[in-house]
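Trainee: below are the sequence and a predicted model; questions follow.
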Amino acid sequence: MSALLAVEAVSRRFRGLLAVDAVSFEVAAGEIFAVIGPNGAGKTTLFNLIAGALAPSAGAIRLAGERIDGMRPDAIAARGVGRTFQIVRPFPAMTVRENIMVGSLMRTPTARDARVKAEAVMERMGFAALADRPAGALTLPDRKRLEVARALATEPRLLLLDEVMAGLRPTEVDGMVGVLREINREHGTTIVLIEHVMRAVMALAGRVLVLHHGARIALGTPAEVVAEPEVVRSYLGTGPIH
Amino acid sequence: MRWVALAVLGAGLLAVPAVAGRYELSVLILVFQFVLMGQAWNVMMGYAGQLSLGHALYVGLGAYVPALLWLHLGVSPLIGVFAGMAAAMLAAGVIGWLGLRFGIEGVYFALLTIAFAEIARVAFDHLAITGGAGGLFLPVTPEGRASWWMLDGGPVFFYYLTLGLAAGATGVVAWLARSRFGFLWRAVRDDPVAAEALGVNLFRARMQAILVSAAMASVAGVVVAFYYRNLFPGQVFDMSRSLELILAPIIGGLGTVMGPVVGAALLTPAGEALAALVQELGLDAPGVKAVAYGLLLIAVIWVRPSGIWPWLAKRLGVS
Amino acid sequence: MTAGLLLGVVVQGVMTGLVYGLMALGLSVIFGVIRVVNFAHGEFAVLAMYAAWVAFTQWGVDPIVAALPISAGCFVLGFGLQRWLVSPFVGRAEHEQFILLAGVAMVLVNLLLMGFGPDARPVNLPYALDSYEIGPVILDKARLVAAAVAFGLTGGVIGFFRFTRTGTAIRACADNLLGAAVVGLDVKQLYALTFGIGLACVGAAGAMLVTISDASPVLAHGFTLQGFIIVIIGGLGSLAGALLGGVLIGVCEALAGFLWQPSMKSLFSFLLLVAVLALRPQGLLGKRP
C-alpha cells in the first residue's frame, strides 16, 4: 500500500446518468495530481465521492489503505482530507480569521490554539490585512483563496482543490501556484486539483487524469496526456492547447 | 473601558433594591427572566441556527419538576433544578434526535418543537400528579419565615436571584461564543455543508446547542415556579409563552452576547409602561401591549433585521 | 357503542375536515408558491369568523352566504399584504419571514381581542338543530352545507391552478422562479395574487367555521398549527394533499373526542404529525424532494 489515495472502479449514477463511470487511479503520497476534462465530465462528482459528500454507486475508495467510501464528510475530513468547493462556501457572517479558525479547530481542541494556528495560515495565504473582514464582504478571488486557507487549516494529508484558479488574474495564478508548491514541498501534502487553467496544471502537476463523460480516457504526465489524440479530440475539440 | 462600563452597571444593579419600590423590582425581575430565557434561545437560534418555537416546553419542565419534588418529597429547589434540567435536556434530546436523524429542518423543525410543547400541555392537563388543568400551587410561607434554600422570599430576594441568573446566563453565552462551541455552532449555522467538509460533526454540534439551550431555559422554569408559586399547563406550555421569550433576542440582536440583554431591557419596561398608560387613561384594552410588541417586531425586522445591539454597538464604538 | 354511532362520528369528522382542508389549502398555496410560511393564517381565519358573526348579528346574513364577500375581502387583504409588506422578505432567511408574520399575527389577534373582547361570540343559526337522517347516520344541516361549499371551493381552486393560464403561470413561478421571470411573467403580481388566493381560502373557511365553533381570538394559534399539520401530513405542494390531510385530521379529532376526551383530541393530530415527519416527511401525497 504505497498509494495515499486509491480510487478503484468507482461509479456514481444519478437516475439515468452515469456521472462517474468505473474510474480507477492511484495518487502517491507527496504527489501533485491534476484532474482535467470538459465541463460535465464528472470531475466535481469525483471529488464529492472522495470527500464523502456523495456515496459511490459502485467501487471502493481507500485513503492510506483504509476504505473511506460511504463515510460521512466530517469523518473523511478528520482522516486528513481537506477540500475546497468550486462554488465557494464561506461562512458569510464570520470574519476571515474565524473562517480559518473553524478549520484549525479540527486539529486542536481550544479556540486559543486555533487562533494561533489560523494566524500562521493567514500569513502564508496573505490574508493578514483582511483578517477581521466578514467573509461575506470579500471579492471572489479572495473567497477562492479563503477556501484554500480554510482547507489548509485542517492540516490535511490530501488536499482536494476544485478550480481554485478560476477567475484569478495571471499574477494571482502564479502566486497560488507558488503557495501550493511550497505547501507540497514543506509538509509533503498530497494535492489533487481540478483545473481548467492549463498553465497551472502544466506548472504543478506531475501526473494528469483526463475524464470525459465520466470515464477515464487518459492518465500520465502532462506532456504525455497532451499528446494523446483522444484527449485533444474530446477535451479540446480540434483546437490547440494554450 | 468595557470593564469599567460593566463594573458601573453591575454596581448600579446591585444598589437598585436600596432605592426601588416593589413595583419597580417586579418589572426588573421580569426583565431578568426574559434575559435568562432569551439567552437560552439565543444559543440555539442565534448561534446554532436551529429555530425552536417550543421553548416553553423546557421552561415548563424546569418549573414543574422542581415544584413537584418540593411539594411531594420536600426536596430543595436548589437540588430540584438539576432534576428539571435533566428532564428538559431529555425532552430536547428526543426532539433534537428526531429532527436531526430524519433531516427535519427549518420551519419543519420549528413545527416539531411546537408540537412537543403542545403534547406536553395536553398531557399535563390530564395528569393527576401535576394538578391537571386546575393548576399546581406552592404554599406561601409568612414573609418572616422565608428561607433561601427553599427559594422562598420577598421581592429583594428574587431580584438578586434573577439578577444573578441573568448575569450568569450572559456570562455563559459570552464564554461559549468565544470557545470552540461558539465557532463550530456559527459555522454550522452559516453553511452546514462547508462546516462538515472541515470536519465538524453536524449532529453533535447541533445536539450540543439544543441541550445547552434546553438546560438554560429549564433554570428559568425554577424562577417561574417559585416566584409566582402557581403553574397551569395552559399558561406554562402555551405557544404564546414560546413566542414571548424569543422577542428580546430578536429585537436586541440574534447571535450576539448583549442582544437578549438589550432587547429585554428595552422591551419589558416599555410594555409595562404602555400597559400602565392605558390603565391610567381608563381604557379597558387587554391587547394593547401585544399590539405594540407586534408592531415593534415588524418595524425591527424591516429596519434592522440583525437587531438593535449590533447597530448600537457600532454607534458606541464597542463590538 | 354501535357501528352506526361510530360511522356517524366519522362522517361528522369528514365534514369538519373538509372545512379545515379549505383553510389549509390557503396555507399550502402560499407556502408552495412563495415559500413563505403564513404564520398569521389562523388569525385571518378568526378575522373571517368575526366578520361572519358581525354579518349575521347585524344584518342577519347566513354565514355560508357571507363567506363569499368575506372571501373576496380577504383576497384584497392578502394581495395588499404581499405587495406592501411580505414582498421584500421573499427569499430572506426563514426566521425573518417568520418574525414578520408572527408580528402581523400578534397585531391582528390582539386588535380582535380589543374590538370584540375575550368572550366567545356564537352564531345561533335558525337551522342549527336541523339534520338529515340517512340510515344510521345523522347529518347536521349546517355542517353539511359548509362541507359541501368547502369541497366545491377547494375543487375550484385546484381547477384554477390546473386549467387557467394564470394558474399555470403561478405554478411556473413555484417550479422555477428564475425561468418564470426570464419568460416575462410578472412574478411580483403573481405572488400577490397567490397570497390573495391563499387568504381567500382561509376567509371562506373561517366564515363557515362559525357554523361549527364560536368566534374567539384564542382559536387563532390552534388554527395556524392545525393548518400546518394538515399541509405537512397531506404533502407540501400537493393541493389535493391539503384536502386529504384536512379530512384525516377532522376524522382523527372527531374519533379521539368521541372515544377518549374532547380536550385530548389535539394530542392525536400532533402525534400524527410527528409520525408523518419521521416516516414520510414529504407527506402522504407529496413528491420526494
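Mentor: Received the coordinates, thanks. Residues are numbered from 1 along each chain as shown, chains lettered A, B, ... in the order given.
Trainee: which residues in chain A form strands?
Mentor: A:3-14, A:17-28, A:32-36, A:58-63, A:66-67, A:81-83, A:158-162, A:190-194, A:207-212, A:215-220 (DSSP state E).
Trainee: next one, pLDDT for residue 176 please.
Mentor: I'll assume chain A. According to the prediction, A:M176 has pLDDT 89.
Trainee: my bad, chain C
Mentor: pLDDT, C:N176: 76.
Trainee: what does the helix or strand where B:R189 lies rub up against?
Mentor: Assigned by DSSP states H and E, B:R189 belongs to helix B:180-190. Contacting residues not belonging to helix B:180-190 are listed as A:90-94, A:98, A:101-102, A:105, A:109-111, A:114, B:43, B:47-49, B:176, B:194-195, B:198, B:200, B:202, B:205-206, B:208-209, B:212, B:255 [C-beta atoms under 8 Å, 6 or more residues apart in numbering or on different chains]. Glycine gets a C-beta too; all of them are placed from N, C-alpha and C.
Trainee: and B:L14, what does it touch?
Mentor: B:L163.
Trainee: in chain A, what residue lies closest to chain C?
Mentor: Distance from chain C to each residue of chain A (C-beta to the nearest C-beta) is smallest for A:A93, at 10.9 Å.
Trainee: what's the closest non-adjacent residue to residue 79?
Mentor: With no chain named, the answer covers chain A. Closest residue to A:R79 apart from its sequence neighbours, by C-beta to C-beta, 6 or more residues apart in numbering or on different chains: A:L63 at 5.7 Å.
Trainee: looking at chain C here, not the other one
Mentor: The spatially closest residue to C:F79, leaving aside those adjacent along the chain, is C:G196, at 3.8 Å (C-beta to C-beta, 6+ apart).
Trainee: contacts only, for B:W3.
Mentor: B:W3 makes contact with no residue, according to C-beta under 8 Å, 6+ apart.
Trainee: what strand or helix carries it?
Mentor: Going by DSSP H and E, B:W3 is part of helix B:2-19.
Trainee: can I get the CA coordinates of the helix or strand following that helix in CSV?
Mentor: Remark: after helix B:2-19, the chain's next helix or strand is helix B:22-41, criterion DSSP H and E. Presented in CSV, the C-alpha positions along helix B:22-41 are these (Å, rounded to 0.1, in the frame of the first residue of the first chain):
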residue,chain,number,x,y,z
ARG,B,22,-41.9,46.7,45.0
TYR,B,23,-43.3,47.5,41.5
GLU,B,24,-40.0,48.6,40.0
LEU,B,25,-38.4,45.5,41.4
SER,B,26,-41.1,43.3,39.9
VAL,B,27,-40.5,44.8,36.5
LEU,B,28,-36.8,44.3,36.8
ILE,B,29,-37.3,40.7,37.9
LEU,B,30,-39.4,40.2,34.7
VAL,B,31,-36.5,41.8,32.7
PHE,B,32,-34.0,39.4,34.1
GLN,B,33,-36.3,36.4,33.5
PHE,B,34,-36.5,37.4,29.8
VAL,B,35,-32.7,37.9,29.7
LEU,B,36,-32.3,34.3,31.0
MET,B,37,-34.8,32.8,28.6
GLY,B,38,-33.6,34.9,25.8
GLN,B,39,-30.0,33.8,26.2
ALA,B,40,-31.2,30.2,26.3
TRP,B,41,-33.0,30.7,22.9
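Trainee: summarise which helices and strands the next helix or strand after helix B:22-41 is packed against.
Mentor: As assigned by DSSP H and E, the chain's next helix or strand after helix B:22-41 is helix B:56-73. On a contact count with 3 or more C-beta pairs under 8 Å, 6 or more residues apart in numbering or on different chains; DSSP states H and E, helix B:56-73 meets helix B:77-101, helix B:107-125, strand B:136-137, helix B:202-228, strand B:230-231, helix B:233-236, helix B:239-252.
Trainee: list the buried residues in helix B:56-73.
Mentor: B:56-70 (16 or more other C-beta atoms under 10 Å in any protein chain shown).
Trainee: going by distance to C:G156, which of these wins?
Mentor: B:A56 (39.1 Å; C-beta to C-beta).
Trainee: hang on, the closest one packs against B:P233?
Mentor: No - contact criterion C-beta atoms under 8 Å: B:A56 and B:P233 do not qualify, at 10.2 Å.
Trainee: and the pLDDT at C:L6?
Mentor: At C:L6, pLDDT is 82.
Trainee: Three-state assignment for it, please.
Mentor: Judged by DSSP: H, G, I helix; E, B strand; the rest coil, the three-state class of C:L6 is helix.
Trainee: remind me which residues of the stretch 101-250 of chain B are low pLDDT?
Mentor: B:141-146 (pLDDT under 70).
Trainee: what does it have sitting close to chain C?
Mentor: Residues of the stretch 101-250 of chain B that fall close to chain C, judged by C-beta under 8 Å from any C-beta of the partner chain: B:102-104, B:106-108, B:110-112, B:114-116, B:118-119, B:122-123, B:125-126, B:133, B:239-240, B:243, B:250.
Trainee: can you mark which positions in the helix or strand B:V172 falls within are buried?
Mentor: Applying DSSP H and E as the criterion places B:V172 in helix B:155-178. By neighbour count on 16+ other C-beta under 10 Å, the buried set for helix B:155-178 is B:155, B:157-163, B:165-167, B:169-170, B:172-173, B:176-177.
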